[in-house]
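Enquirer: no sequence on this one, just coordinates:
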């Protein structure tokens, strides 16, 4: 019952702005596919093209063999779409929102209750409450229920976790994983890099281009160069001080309580002593330098700097 | 002013909406030049607390002093001494960069000369001097947020409140933004920031985590991780906020 | 379709502002135009300078004062008082009877009465003049009849047709109906559609298998019903609060109104198609439609008095034709034979606008 998505050399211009540049990719049936990138990367535009809300400037998209331009009516029947702003009627209650979305797809809450049971159960106690009075996490669950109510084969979620707190985000991803088991193909976009590891495959996007497409493991494992993390007592000065040590010490970025940097040419054994001694000269104390494993965000930063 | 001075003092702060207790007896202090992370799940009461601290809403009971002024009685003085920026409300899209600076400078009664000087100084620092006459809507989000932060700190306020300033911003710009925060704090401005990025929680000197209207934890990131026996702030957050 | 309509009603009933515009406004407008902004002649303060003081002038004076239109402010002694009375603003009209009024009338068959009017409000002045002349003429005629003499001079008589008492509420009700229907239908639909655009819910609707006509109907049907209810309320108020009769066929009136409502709704959809925000939609319907409707439709200012170019523009205003129809039915009590042209114009406009709005209503975001 799940569907395949194929995008070929897709371009989208808004007047002079190129929102999407030559995007090509395939999503396999039943995949949980993530589009990772900041605002302005072109994620929303891409989703609007797939849902046929926009027309491509050039290139093509096919969903289950159906063309997004000529067969758009058929595609609309088999997609569930949750736009970036959640698309809920804030003056309607939880129940009214669901009933309404069910009705426009000619189904009813009763008929498809089993599809959304897992999610809906969590908000059901508030079913008489207006959507506008729900917290961010609950709104997000309601919006997801609305997108799922007509049993779509392709679920498209545009930044469902943006502005939602870390806990609600975790719960939301657990739900998505459960959903995926029913055989549905899911496309999801997010600006949070840490969510990439929860997808089967991801596309890293920036300024309308896809920088990499693969499983999170492969992307992380193919990180070019050796990645290090440093911690000292003076994190503020650390960034500029690291920069002065050696030309091969590149991609210096803060990562939580540490700073990450990358080397390619320097001998692996020499790096930590070189960095530690140089930093000590500059007055740092409690210096810890050690090799670390790349995260998606490291890869994203590296790709951005290329 | 000495560095140890408390810029924000909150004592037994309570805010109720009808029967609903949005802020349940908050107590904390924030020091001058400190970067204070104000975390919590959606609906935990962060926004309510920020509204009270910035003089937009009166507490039901308790006391809050910001920059030496009582938020419920000396609202105007409080407002003069704070800066505010959020992802939703920042600058005017249909004004140019320069006009935005002019407008906000004007609001805080800076002289024309001061506004001119500060505008040039900040644009220079951001490397955006060529964009001063560009309409804000044509400027990418990340830069916009940096500009908004500069504007919020233009009148050298004692505290800057940042409400999810980096939402949707790319990872490089996000880091540059935090560099700006550090610089501002180094100049002695207190930065009071909310975020959903847990790595950013680590960048704060002290972090408070709210759940259901109460502050459930408040300490340095290192101490919090130790206290909860976990490796990342993300885990601390999940432990506290997942009720 | 039903759930869509139900949802739309929820939106309306839960939004206090919508409710006020929908139900408060019509009532307020009718009452306002009916009671407050009245141009009726009633108790106009006048002064009389009677040089003759004979039985005829006294009779005329008492006729004038007993008509209810005039109220005697003062009896002047000399010509000097005239200027002062006007300057003080205490009177709107001074009536001057010449010397030996009755004698002259009997002997020469004519006598002079001078009407001096405060014309700073030209409309009122014209009306006061007409009323005064009317009363004097009627009296003169009666007098001559009783005296059995054939009148020597031709007496002009003006008669107010259809609105014999010149009640302004009769004039305003058709106009108010037009404005309310326009406001409710056009503005409310355009706002409610653009609100969905702003909230992002339109995206979800577009992505659904709904056809554009379904979305449009779903948005529009509630407003057809509400506009219709409004119409009934206004008509009932006109009938029972102001005692305004409906001379013609009520069913015909309702049918014509429904056509006008549909036209206004189509216009609303068209406006929502070109505006990006609720604000824009509101401004467009306010300044683009409502003001011209009030100004150019002949509602307040007679079309005949407008510059030629504005007269041309007024022809394009469907509301002008609708007001003509409503007046024809309500005041003249005539049938469709007398205004089939106007009906045809509105019908044509309606078809044109529906076609345009369905065509313009996009299934995509661009």
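Expert: In hand now; what should we look at? Note that the coordinates shown come from a computational prediction; the quantities given were computed from them, not determined experimentally.
Enquirer: Excluding residues flanking it in the chain, which one is nearest residue 221?
Expert: With no chain named, the answer covers chain A. residue A:294 (8.0 Å; Cβ to Cβ, 6 or more residues apart in numbering or on different chains). Every C-beta, even on glycine, is put in place using the N, C-alpha and C of the backbone.
Enquirer: You answered for a different chain; I wanted chain B.
Expert: Excluding its sequence neighbours, the residue lying closest to residue B:221 (Cβ to Cβ, 6+ apart) is residue B:202, at 5.0 Å.
Enquirer: which residues touch that neighbour?
Expert: A:256, A:257, B:221, B:232, B:233 (Cβ atoms under 8 Å, 6 or more residues apart in numbering or on different chains).
Enquirer: Of these - the most surrounded one?
Expert: residue B:233 (28 neighbours; other Cβ atoms under 10 Å in any protein chain shown).
Enquirer: So, low pLDDT: which residues of the stretch 151-300 of chain C?
Expert: Along the stretch 151-300 of chain C, segments meeting pLDDT under 70 span C:151-169, C:300.
Enquirer: The residue located most distally from the centre of chain C: what secondary structure?
Expert: What lies farthest from the middle of chain C is residue C:107; by Cα atoms, centre = their mean that is 47.5 Å. On the three-state scheme (DSSP: H, G, I helix; E, B strand; the rest coil), residue C:107 is labelled helix.
Enquirer: Contacts only, for residue C:29.
Expert: Counting by Cβ under 8 Å, 6+ apart, residue C:29 makes contact with C:176, C:179, C:180.
Enquirer: That one: which element?
Expert: Applying DSSP states H and E as the criterion places residue C:29 in helix C:25-31.
Enquirer: Show me the contact partners of the helix or strand following that helix.
Expert: Downstream of helix C:25-31, the next assigned helix or strand under DSSP H and E is strand C:44-50. Contact with strand C:44-50 is made by C:57-58, C:61, C:64, C:69-79, C:81-82, C:85, C:90-97, C:128, as judged by Cβ under 8 Å, 6+ apart.
Enquirer: same deal with stretch C:261-275?
Expert: Outside stretch C:261-275, the residues that touch it by Cβ under 8 Å, 6+ apart are C:181-182, C:185-191, C:193-194, C:197, C:216, C:219-220, C:223-224, C:227-228, C:231, C:281, C:284-285, C:288-289, C:318, C:346, C:349-350, C:353-354, C:356-357, C:360-362.
Enquirer: roughly how far is it from the heart of the chain?
Expert: 24 Å (Cα atoms, centre = their mean, to the nearest Å).
Enquirer: Pull the contacting residues for whatever residue of the stretch 201-306 of chain A ends up closest to chain C.
Expert: Scanning the stretch 201-306 of chain A for proximity to chain C using Cβ to the nearest Cβ identifies residue A:208 as nearest, at 16.8 Å. When contacts are counted by Cβ under 8 Å, 6+ apart, residue A:208 touches A:12, A:18, A:19, A:20, A:21, A:23, A:41, A:42, A:45.
Enquirer: Where do the helices of the stretch 151-300 of chain A begin and end?
Expert: Along the stretch 151-300 of chain A, the segments classed as helices by DSSP state H, counting those that start in this stretch run A:166-181, A:216-221, A:235-243, A:268-281, A:296-305.
Enquirer: check contacts around residue B:182.
Expert: A:236, B:35 are the contacts of residue B:182 under Cβ under 8 Å, 6+ apart.
Enquirer: Pop out the phi and psi values for it.
Expert: With angles defined as degrees, to the nearest 10, residue B:182 shows backbone torsions of phi -60, psi -40.
Enquirer: Chain C versus that one, what's the distance?
Expert: Using Cβ to the nearest Cβ, to the nearest Å, residue B:182 is found at 36 Å from chain C.
Enquirer: Likewise for residue B:241?
Expert: In terms of Cβ to the nearest Cβ, residue B:241 sits 27 Å off from chain C.
Enquirer: wait, isn't that residue in contact with residue B:43?
Expert: No: look at residue B:241 against residue B:43 with Cβ atoms under 8 Å: they stay out of range, at 10.4 Å.
Enquirer: ok, these two, which is more surrounded?
Expert: Shown here are residue B:241 and residue B:43; by other Cβ under 10 Å, residue B:241 has more neighbours (23 against 20).
Enquirer: Tell me the pLDDT of that one.
Expert: With respect to pLDDT, residue B:241 scores 78.
Enquirer: Check the offset of stretch C:170-186 from the chain's centre.
Expert: For stretch C:170-186, the distance to the chain centre is 8 Å (Cα atoms, centre = their mean).
Enquirer: pLDDT below threshold where in the chain?
Expert: Since you didn't name a chain, this refers to chain A. Applying pLDDT under 70 to chain A flags the ranges A:1.
Enquirer: Actually, chain B is the one I wanted.
Expert: Applying pLDDT under 70 to chain B flags the ranges B:1-4, B:88-89, B:242-243.
Enquirer: For the residue of the stretch 201-306 of chain A found nearest chain B, grab phi and psi.
Expert: Closest to chain B within the stretch 201-306 of chain A is residue A:256: 3.8 Å, counting by Cβ to the nearest Cβ. When read as degrees, to the nearest 10, the backbone of residue A:256 gives phi 60, psi -130.
Enquirer: Starting from chain C, give me the distance back to the closest residue to it other than its chain neighbours.
Expert: Taking Cβ to Cβ, 6+ apart, and ignoring the residues beside it in sequence, residue A:256 has residue B:202 as its nearest neighbour in space, at 3.8 Å. Noted for residue B:202: a distance of 33 Å to chain C, by Cβ to the nearest Cβ.
Enquirer: Can you list the buried residues in whichever helix or strand residue B:202 is part of?
Expert: Using DSSP H and E, residue B:202 falls within helix B:198-203. For helix B:198-203, burial by neighbour count (16 or more other Cβ atoms under 10 Å in any protein chain shown) applies to B:198, B:199, B:200, B:201, B:202, B:203.
Enquirer: Get me the contact residues on chain B for chain C.
Expert: Within reach of chain C by Cβ under 8 Å from any Cβ of the partner chain, chain B has no residues at all.
Enquirer: so where do the helices sit in chain B?
Expert: Under the criterion DSSP state H, chain B contains helices at B:46-53, B:75-80, B:97-107, B:112-126, B:141-152, B:171-186, B:198-203, B:221-228, B:233-241.
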